[in-house]
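Chemist: pasting the structure only:
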């Protein structure tokens, strides 16, 4: 057929669903304990749900209030901020996770790891490699066949978010775990954060991906306010 000169159609851009600060507060009010902490990390640090659930003890720096995200989207590592409000609750969660790991270690069981890391660090399960949000049951590693403890499954998060959103009376909006990442970016920009900083925190390759949130704010035009406001 040869070169027909066709181009692939571009994907239609849709604006993400974003919650107001009051709406985020109302959803958080429906939760407590571990579930509330997960949602606070999604919104407070702009994490994807998989990034949040894969957090390990050594990924959290409570001295600098920073989180290290390993193997994020695009196989990239990055650091993002951590709210100071979460220090005490994270310390408690870390202690609980280490206790579970220590109990597993006595039985020769560790946290799930990639085969490459298991070969490189054969005794990693005895160190602080525990997931912050470990699963309640042991499982069989799909690649190595070893008994291990994985992190919580994303469906657990989807279920409690759905219940919390419904209880908060936000049935008109389609709210998912990713909505809180969108809300993080939008609220950061609304409070004056530099778009490049938000790009780094979110782990976007291109700033044009981050610019979608300026459209949510209505600040993508040369003027940031309507001329009617000056009349």
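Modeler: Perfect, I can see it now. None of these values were measured; they are calculated from a predicted model.
Chemist: First-to-last residue distance for stretch 107-116?
Modeler: For stretch 107-116, the first-to-last residue distance is 22 Å (C-alpha to C-alpha, to the nearest Å).
Chemist: check contacts around the residue nearest the centre of the chain.
Modeler: For the chain, residue 47 is the residue whose C-alpha lies nearest the centre (C-alpha atoms, centre = their mean; 2.1 Å). Applying C-beta atoms under 8 Å, 6 or more residues apart in numbering, we find residue 47 in contact with 41, 67, 69, 80, 181. Where C-beta positions appear, they are placed from N, C-alpha and C, glycine not excepted.
Chemist: Can you report how many residues lie near the first one?
Modeler: Looking back up the chat, that one is residue 41. 26 (other C-beta atoms under 10 Å).
Chemist: Next: residue 178.
Modeler: 14.
Chemist: Contacts only, for it.
Modeler: Here residue 178 is in contact with 16, 48, 49 (C-beta under 8 Å, 6+ apart).
Chemist: try it again with 10 Å
Modeler: 16, 17, 42, 47, 48, 49 (C-beta atoms under 10 Å, 6 or more residues apart in numbering).
Chemist: what's the lengthiest helix in the chain packed up against?
Modeler: If you go by DSSP state H, the chain has its longest helix at helix 87-106. When contacts are defined as 3 or more C-beta pairs under 10 Å, 6 or more residues apart in numbering; DSSP states H and E, helix 87-106 packs onto helix 33-45, strand 60-61, strand 110-111, strand 147-149.
Chemist: ok, of the contacts of residue 47, which one's closest to residue 88?
Modeler: residue 41 (14.3 Å; C-beta to C-beta).
Chemist: got the angle between the helix or strand where residue 25 lies and helix 33-45?
Modeler: Assessed by DSSP states H and E, residue 25 sits inside helix 21-28. Going by axes from the mean of the first three to the mean of the last three C-alpha atoms, to 10 degrees, helix 21-28 is angled at 160 degrees with respect to helix 33-45.
Chemist: Show me what the mean pLDDT comes to for helix 21-28.
Modeler: Across helix 21-28, pLDDT averages out at 95.
Chemist: what's the one helix or strand residue 157 maps to in contact with?
Modeler: Assigning secondary structure by DSSP H and E places residue 157 in helix 154-167. Contacts to helix 154-167, defined as C-beta under 10 Å, 6+ apart, come from residues 19, 23, 26-31, 34-36, 38-39, 42, 48-50, 52-53, 133, 135-136, 153, 170-171, 173-177, 179-180.
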